[in-house]
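Peer 1: below is the structure, and that's it, no one-letter string:
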């Protein structure tokens, strides 16, 4: 299947928006900066920075007073070791539904910043991390050992549909877990659809908000999918919120909201009695992509770009 479309297939306004936002240049600069850091800073030093980050003080100001005028999940957002306010949202959801297994599975993560770290450090969760970055897995395992965090590990692996469930089974993950987080910038929809050997009570799935709240679509499955290799703009990635909402319903989950940056969607399993946490439609929960909007690419322009790419409707 052809993923990378020729420039002539993009509307001129869409092409201009991509160039104006300079996502390709920013990505290349970021990659170069990371390469330089790896070469110049010893691995032991970089690993110690992870330990220092995990030792940071968490906030006692929760829910944040600065968000007192917000509604829904945004009222509770803050980041301690998460990227987009997920720490506060996850903290709120579990304050309402409680803990049972205290076990998480997260794949697609960074050792210094991901969604399950607060649960692991403050709520004594056990768990499994998986990622294609050997370095991030090494940093995570070093930090966990240094801080004597028990029963957690990061496994270096490239997840695909063929090995996904065997990886879960081989690492002795219990069938009923409290928390699942999927953030792989590509096959998120297909992995969640496939994943039946575990049943999380709370799920956090990344979505592509550039696809808007109505279009039900995802990237086609590709075992070797890598976002920027497939299309250098980075816009060809993941699934729409509408597609994930429908998939969640089929799997027995209800959509309860998104973070304010338009990055992650949150779901509760249907059997959880939490009437105070309202079920939302994709239209009600949707948040635009704050980063792309901040670069001057409107929601309409984002959707125009996305519709020129080889997404498949679900």
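Peer 2: Sure, I can see it. Just so it is clear, the structure is predicted and the values come from calculations on it, not from any experiment.

Peer 1: which SSE is residue 181 in?
Peer 2: Assigned by DSSP states H and E, residue 181 falls within strand 176-182.

Peer 1: average model confidence for that strand?
Peer 2: Confidence over strand 176-182 (mean pLDDT, whole number) is 98.

Peer 1: what packs against that strand?
Peer 2: strand 103-107, helix 188-194, strand 199-206 (3 or more Cβ pairs under 8 Å, 6 or more residues apart in numbering; DSSP states H and E). The way it works is simple: take the backbone N, C-alpha and C, and place the C-beta from them, glycine included.

Peer 1: and the shortest one, how far out from the chain middle?
Peer 2: Average the C-alpha atoms of strand 103-107, do the same for its chain, and the two points are 12 Å apart (Cα atoms, centre = their mean, to the nearest Å).

Peer 1: describe which strands that strand pairs with in its sheet and in which direction.
Peer 2: strand 126-131 (parallel), strand 176-182 (parallel) (DSSP bridges).

Peer 1: which helices and strands does whichever helix or strand comes after the shortest one pack with?
Peer 2: To tie it back to what came earlier, the one meant is strand 126-131. Once the chain leaves strand 126-131, the next helix or strand it forms, by DSSP H and E, is helix 134-146. Packing partners of helix 134-146 (3+ Cβ pairs under 8 Å, 6+ apart): helix 43-54, strand 126-131, strand 152-156.

Peer 1: what's the burial count for the residue nearest to residue 118 when sequence neighbours are not counted?
Peer 2: Nearest residue to residue 118 in three dimensions, chain neighbours excluded: residue 87, at 4.9 Å (Cβ to Cβ, 6 or more residues apart in numbering). Look at residue 87: counted by other Cβ atoms under 10 Å, it has 24 neighbours.

Peer 1: ok, now residue 287?
Peer 2: Neighbours of residue 287 under the rule other Cβ under 10 Å: 21.

Peer 1: tell me which element the closest residue to it other than its chain neighbours falls in.
Peer 2: Nearest residue to residue 287 in three dimensions, chain neighbours excluded: residue 262, at 4.1 Å (Cβ to Cβ, 6+ apart). Secondary structure assignment for residue 262, by DSSP H and E: no helix or strand.

Peer 1: next, find the distance separating residue 262 from residue 84.
Peer 2: 9 Å (Cβ to Cβ, to the nearest Å).

Peer 1: on the three-state scheme, the residue nearest to residue 118 is what?
Peer 2: At residue 87 the chain is in helix, as set by DSSP: H, G, I helix; E, B strand; the rest coil.

Peer 1: my guess is it contacts residue 81. True?
Peer 2: Yes. Counting by Cβ atoms under 8 Å, residue 87 does reach residue 81; the two are 6.6 Å apart.

Peer 1: intersection of neighbour lists for those two?
Peer 2: Residues touching both residue 87 and residue 81 by Cβ atoms under 8 Å, 6 or more residues apart in numbering: residue 118.

Peer 1: give the contact list for the closest residue in space to residue 113 that isn't next to it in sequence.
Peer 2: Excluding the flanking residues, the one nearest residue 113 by Cβ to Cβ, 6+ apart is residue 83, at 5.3 Å. Residues in contact with residue 83 (Cβ under 8 Å, 6+ apart) are 113, 114, 263.

Peer 1: scan those residues and report the most crowded one.
Peer 2: When neighbours are taken as other Cβ under 10 Å, the top entry among those is residue 114 (23 neighbours).

Peer 1: how about that residue, secondary structure?
Peer 2: From three-state DSSP, the assignment for residue 114 is coil.

Peer 1: how near is it to residue 139?
Peer 2: Distance of residue 114 to residue 139, computed by Cβ to Cβ: 11 Å.

Peer 1: correct me, but residue 190 touches residue 159?
Peer 2: No. With contacts counted by Cβ under 8 Å, residue 190 stays clear of residue 159, the gap being 10.4 Å.

Peer 1: circling back: what's the burial count for the residue nearest to residue 287?
Peer 2: Neighbours of residue 262 (other Cβ under 10 Å): 22.
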